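**Q** What follows is a predicted structure for the sequence shown.
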Amino acid sequence: MSAPATETLEEIAAACLANPGLAAKAEIALVGEVLGGTDWQGGPGDDGAVVTAHGRPVVACGEALFPPFVAADPHGAGFAAVLTNVNDVAAMGGMPLGIVDTVVASEELARKALAGMREAAELYDVPIVGGHLTLHEGDPAISAFAVGATAAPLSVTRAAPGQSLVVAAALDGRMREDFPFFPAFESRGRRSAGDVRLLGRLAEEGVVVAAKDISMAGLVGSLAMLLEPGRLGVTVDVAAVPAPSGVPLVRWFNCFPSFGFLLCAPAGREEECLAAFAERDLAAAVVGTLDDSAVLALTRGDERVEVLDLRTTAITGLPR
């Protein structure tokens, strides 16, 4: 379902461009300046890196949590450390195998953070296999890392003109008032583990060839990151985007949903893709078709607004 049209396209576009999560992606350029060029799939660039181990592709990824978030809500930060990694593995077409964490904090905070990690690990059925703990009374720091197995890696490098852009999301949640986060895992419960493993199945079957999880950069910012490596473009039909009732599109387009993905489906495979999500009571819809314009635009009815021109605007600025 989609939310009613209460905001103009210009308002939605302006909010997406003002999203601090999108602006923060420009900082990634530092990595390229130091480490040099990248093929994106092998990292850095994609949601995770694909490496080969004994002839098989393996996904590796990691996440550092914002220190003020860790200090304010250590349990939530611990949960998020696992959630973000599981989503990144899924976006690469992988099945999560294990989580490794690092915690630098006071004993009280460390206990709360580790409890959050344990809760998420149990919910998503992925073990915490190791890590590092330093107890100290200064500013806290939490990071987590994941490895996953994949038979058919998804990568933004496989996105191409003519493919259909699909938005898939769990809408049975509630937007947090204090933070742009839409958690659906409380409602999804034990289904969450199967939800994130669906992308690996679709990748193996060739129903999806590229993906990106919707992160703190929001739907438009995350989409720009998907389009950036190939300088691709797309016009997104705002009315077709699955959205929870009661949530303004300005907020929905700029939040981090606990389950939200951008998927590229080859022409002719769209119905298979949508049906797979529907079977799990997850919302999914085709919202546009990739092209070679390098322009990301929003449309609704007869209106159209250009948001980003990737020929002139760098999102991450990673070199190739």
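**A** Received the coordinates, thanks.

**Q** could you pull out the strands for the protein?
**A** Taking DSSP state E, the strands of the chain run over residues 49-53, 56-64, 95-105, 128-135, 141-149, 164-169, 181-182, 210-213, 234-237, 256-257, 260-265, 283-289, 295-300, 303-309.

**Q** list the helices and strands the fifth one packs on?
**A** If contacts are counted by 3 or more C-beta pairs under 8 Å, 6 or more residues apart in numbering; DSSP states H and E, strand 141-149 sits against strand 56-64, helix 67-72, helix 74-91, strand 95-105. For glycine as for every other residue, the C-beta is placed from the backbone atoms N, C-alpha and C.

**Q** which of those has the lowest average pLDDT?
**A** Looking at the helices and strands packed on strand 141-149, the lowest mean pLDDT belongs to helix 67-72 (a mean of 90).

**Q** circling back to that earlier point, buried deepest among the helices and strands packed on strand 141-149, which one?
**A** helix 74-91 (a mean of 27; mean count of other C-beta atoms under 10 Å).

**Q** Show me how far the lowest-mean-pLDDT helix or strand in the chain is from its chain's centre.
**A** Least confident helix or strand, the chain: helix 29-35 with a mean of 84, by mean pLDDT, DSSP states H and E. In terms of C-alpha atoms, centre = their mean, to the nearest Å, the centre of helix 29-35 is found 22 Å from the chain centre.

**Q** Buried ones in that helix, by neighbour count?
**A** Going by neighbour count (16 or more other C-beta atoms under 10 Å), the buried part of helix 29-35 is 31-32.

**Q** I would like the residues contacting that helix, please.
**A** Helix 29-35 is contacted by residues 38, 44, 314, 316-319 when judged by C-beta atoms under 8 Å, 6 or more residues apart in numbering.

**Q** Drop anything exposed from those.
**A** 38, 316-318.

**Q** Residues in a beta bridge with T102, which ones?
**A** According to DSSP bridges, the residues that bridge with T102 are H132, S143.

**Q** is it true that it touches I128?
**A** No. In this structure, T102 is not within contact of I128 by C-beta atoms under 8 Å, at 11.7 Å.

**Q** anything in contact with each of the two?
**A** Here T102 and I128 have no joint contacts, going by C-beta under 8 Å, 6+ apart.
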